[in-house]
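**Student:** here is my input; please provide its structure:
(one chain, ligands or ions: 2)
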Amino acid sequence: MSCMKTHTFKGGIHPPEQKELSENYPIENVMPSTNTVCIPVTMGGAPNQPIVNVGDIVARGQIIAKNDAFMSAPVHASVSGVVKKIETRVLTGNCEAPCIVIEANGSDTTSFMEPLDPFTCSKEEALKRVKEAGIVGMGGAAFPTHVKLNPPPGKEIEYVLANAAECEPYLTIDDRTITEKADQVIDGTRIAMQILDAPKGIICLEDNKTKLIPILCDAINKAYGNNATRPDGTGNAITICVCQAKYPQGGEKNLVLSALNREIPSGGLPADIGCVIQNVGTLVAISEAFRIGKPLIDRCLTISGGAVETAKNLCVPVGTLVGDLIPEIIKLKEGVAKIISGGPMMGFAMPNAAFPIAKNTSGVLFLTKNETHLVDEDPCIGCGMCLDVCSCRLNPVLIARSLKANNIPMAVKYGLLDCVDCGTCAYVCPAHVRLVQRFRIGKCICRSQTATKQGGK
Ligand code: SF4
Ligand code: SF4
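**Tutor:** Ligands and ions are numbered 1, 2, ... in the order given. Have a look, this model is predicted:
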């Protein structure tokens with residue numbers, strides 16, 4: 001059932017994995033000590049508007065913010081209770097944005113949708129269900145999932161890839177999700193294949209997680225029956241692909257290259273080469289939206305790092321403030337040098353723990369000084385190591401030089417917009433040049449310049 005040859009891509013690095021800290025801890029359902037959540041009004045897609053007022057009583061699963069635009073995802077109450085405030089808070093990425101603060105009242109009333117059979121409803125009904133459930137990509141950028149499941153006309157989708165590579169060090173929530181919810185991962189994959197009319201699904205794992213293969217095989221056989229075949233008669237419609245454990249294996253470009261030897265064109269999407277990629281958490285959310293009518297209101301994530309007493313995997317209501325889990329759930333040691341929302345390679349350093357867990361928060365790390373690179377940057381010594389490791393085949397040093405010279409068009413010419421912010425180049429740089437931070441700022445400037453030009457037309 002699985003293709004056992006280990007697949008990979010050119011470039012990449014092998015940072016210490018640190019998965020052993022949390023991988024054996026089952027997902028625990030917990031509530032914040034304050035019984036209060038602080039839910040960002042927008043978590044992916046076009047900006048939402050709150051549709052509740054301070055003082056309103058809301059049920060768990062009720063829509064509290066939305067936007068009618070297609071490229072948007074509504075936000076739901078993750079606890080039942082009273083809307084206490086609507087106020088601006090610092091979110092992951094250190095931007096300020098409006099949040100709806102709800103205090104749980106212990107009533108536990110829910111407002112889920114009616115279950116919907118994904119295999120008998122129309123494609124339009126299915127896409128509407130995914131949108132109404134507020135599902136966004138849970139592995140990274142929080143892109144609205146119904147948009148991904150509705151590629152432009154003419155783009156035929158052959159494969160749904162379930163991204164379980166989880167190549168970021170420390171993070172183990174995708175691993176635990178498969179261990180504990182493999183049936184739902186496979187169900188979500190089948191539903192995505194149905195919506196896209198894609199004949200094949202592939203679960204992509206790194207070769208440090210082969211223990212998950214028998215669990216997935218069981219779930220696939222349960223879903224299809226042992227005799228089920230692909231449309232071409234060659235076996236189950238869902239197979240497993242084992243990729244080499246290497247960072248950034250989970251990046252979309254690297255995943256498709258490793259699993260299918262297909263290359264996403266510059267500026268293109270996986271749909272351009274017949275693929276749609278979904279994180280395993282997103283696939284579970286899709287399954288729940290159809291089977292029990294549940295919107296995306298809970299988030300499973302890893303808590304880890306050398307500065308926590310015990311690393312763990314948790315399931316919390318979306319909007320839980322990380323600080324409200326300390327010290328009851330997250331016990332810290334002395335000497336927290338850095339708090340990161342996400343993984344150490346692509347996550348965001350946060351000034352403190354007073355930020356909410358969003359739909360796409362895969363982990364929160366509390367790192368010691370020894371685990372961080374809190375060093376000053378030196379001038380580039382032209383060693384070329386950043387070129388060797390970039391899996392997108394970019395020249396990071398030339399992009400950085402162009403940005404330093406304020407020459408955005410030149411940076412774009414060298415591939416700024418093809419950079420996936422993986423941080424691999426910065427990781428290996430002996431001069432500690434803040435390459436990826438510069439690229440993120442450069443992309444923001446580039447996008448705002450483009451928006452200004454378009455607005456001036
Ligand atoms: S951050 Fe960008 S330039 Fe650096 S290795 Fe990743 S893709 Fe390449
Ligand atoms: S790795 Fe760092 S020092 Fe070496 S060429 Fe790249 S930016 Fe310069």
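**Student:** list the buried residues of stretch 376-396.
**Tutor:** For stretch 376-396, the neighbour count (16 or more other CB atoms under 10 Å) marks 380, 385, 386, 389, 390, 391, 392, 394, 396 as buried. From N, CA and C alone the C-beta is placed, and that goes for glycine too.
**Student:** of the residues you listed, list those near ligand 1.
**Tutor:** Among the buried residues of stretch 376-396, the residues lying close to ligand 1 (CB under 6 Å from any ligand atom) are 390, 392, 394, 396.
**Student:** out of those, which is nearest to residue 278?
**Tutor:** residue 392 (21.4 Å; CB to CB).
**Student:** how about that closest one: what's its closest non-neighbour residue?
**Tutor:** In this structure, residue 392 finds its nearest non-sequential neighbour in residue 418, 5.5 Å apart by CB to CB, 6 or more residues apart in numbering.
**Student:** and the one you found, what does it touch?
**Tutor:** Residue 418 is in contact with 266, 267, 392, 394, counting by CB atoms under 8 Å, 6 or more residues apart in numbering.
**Student:** now do the strands in the stretch 51-200 of the chain.
**Tutor:** 57-58, 63-66, 75-76, 81-90, 96-104, 159-164, 200-206 (DSSP state E, counting those that start in this stretch).
**Student:** of all those strands, which one is nearest ligand 1?
**Tutor:** Nearest to ligand 1 among the strands of the stretch 51-200 of the chain is strand 159-164; the distance by CB to the nearest ligand atom comes to 17.1 Å.
**Student:** ok, the closest one: who's next to it in the sheet?
**Tutor:** Sheet pairing here is set by DSSP bridges, and for strand 159-164 it gives strand 200-206 (parallel), strand 275-279 (parallel).
**Student:** now these as a markdown table including mean neighbour count?
**Tutor:** Output for those, formatted as a markdown table (neighbours: other CB atoms under 10 Å):
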| stretch | mean neighbour count |
| --- | --- |
| strand 200-206 | 25 |
| strand 275-279 | 25 |
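**Student:** export the ones you listed to TSV and append columns for mean pLDDT and distance to residue 335.
**Tutor:** Below are these laid out as TSV (pLDDT from 0 to 100; distance: least, CB to CB, whole Å):
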stretch	mean pLDDT	distance to residue 335
strand 200-206	95	31
strand 275-279	97	32
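**Student:** those: which one's closest to residue 453?
**Tutor:** Comparing those under CB to CB, the one sitting nearest is strand 275-279, at 31.0 Å.
**Student:** and the helix or strand just after that closest one, what does it pack onto?
**Tutor:** Downstream of strand 275-279, the next assigned helix or strand under DSSP states H and E is helix 280-291. Under the contact criterion of 3 or more CB pairs under 8 Å, 6 or more residues apart in numbering; DSSP states H and E, helix 280-291 touches helix 123-132, helix 145-148, strand 159-164, helix 173-196.
**Student:** minimum pLDDT in the ones next to ligand 1 among the buried residues of stretch 376-396, which residue is that?
**Tutor:** Minimum pLDDT for those is recorded at residue 392 (92).
**Student:** tell me the one of the ones next to ligand 1 among the buried residues of stretch 376-396 nearest residue 275?
**Tutor:** Residue 275 lies nearest to residue 392 out of these, by CB to CB, at 17.2 Å.
**Student:** now for that closest one: which residues touch it?
**Tutor:** Contacts of residue 392 by CB under 8 Å, 6+ apart are 11, 253, 415, 418, 419, 420.
**Student:** phi and psi next, for the residue nearest to residue 392.
**Tutor:** The phi/psi pair for residue 418 (degrees, to the nearest 10) reads phi -90, psi -10.
**Student:** any idea how many residues pack against residue 445?
**Tutor:** By other CB atoms under 10 Å, the residues close to residue 445 number 14.
**Student:** that one and residue 266, how far apart?
**Tutor:** According to CB to CB, to the nearest Å, residue 445 and residue 266 sit 20 Å apart.
**Student:** so which of the helices and strands packed on helix 280-291 is the most packed in?
**Tutor:** strand 159-164 (a mean of 26; mean count of other CB atoms under 10 Å).
**Student:** quick check, distance from the helix or strand in which residue 444 is found to the centre of its chain.
**Tutor:** Assigned by DSSP H and E, residue 444 belongs to helix 435-455. How far helix 435-455 lies from its chain's middle: 22 Å, per CA atoms, centre = their mean, to the nearest Å.
**Student:** contact partners for residue 393?
**Tutor:** Applying CB under 8 Å, 6+ apart to residue 393 gives the contacts 10, 11.
**Student:** for ligand 2, what's its nearest residue on the stretch 1-150 of the chain.
**Tutor:** Counting by CB to the nearest ligand atom, the stretch 1-150 of the chain gets nearest to ligand 2 through residue 13 (11.9 Å).
**Student:** now do the phi/psi pair for that residue.
**Tutor:** Torsion angles, degrees, to the nearest 10, at residue 13: phi -140, psi 170.
**Student:** wait, it touches residue 246, no?
**Tutor:** Yes. Counting by CB atoms under 8 Å, residue 246 is a contact partner of residue 13 at 7.2 Å.
**Student:** ok, the most centrally placed residue in the chain - contacts?
**Tutor:** In the chain, the residue lying closest to the centroid (CA atoms, centre = their mean) is residue 139, at 1.4 Å. When contacts are counted by CB under 8 Å, 6+ apart, residue 139 touches 163, 174, 250, 279, 281, 282, 360, 362.
**Student:** tell me which of those residues is nearest to residue 107?
**Tutor:** residue 281 (27.6 Å).
**Student:** get me the contact residues on this protein for ligand 2.
**Tutor:** Within reach of ligand 2 by CB under 6 Å from any ligand atom, the chain has these residues: 380-386, 396-397, 429-431, 433.
**Student:** in helices, which of these appear?
**Tutor:** 385, 386, 396, 397 (DSSP state H).
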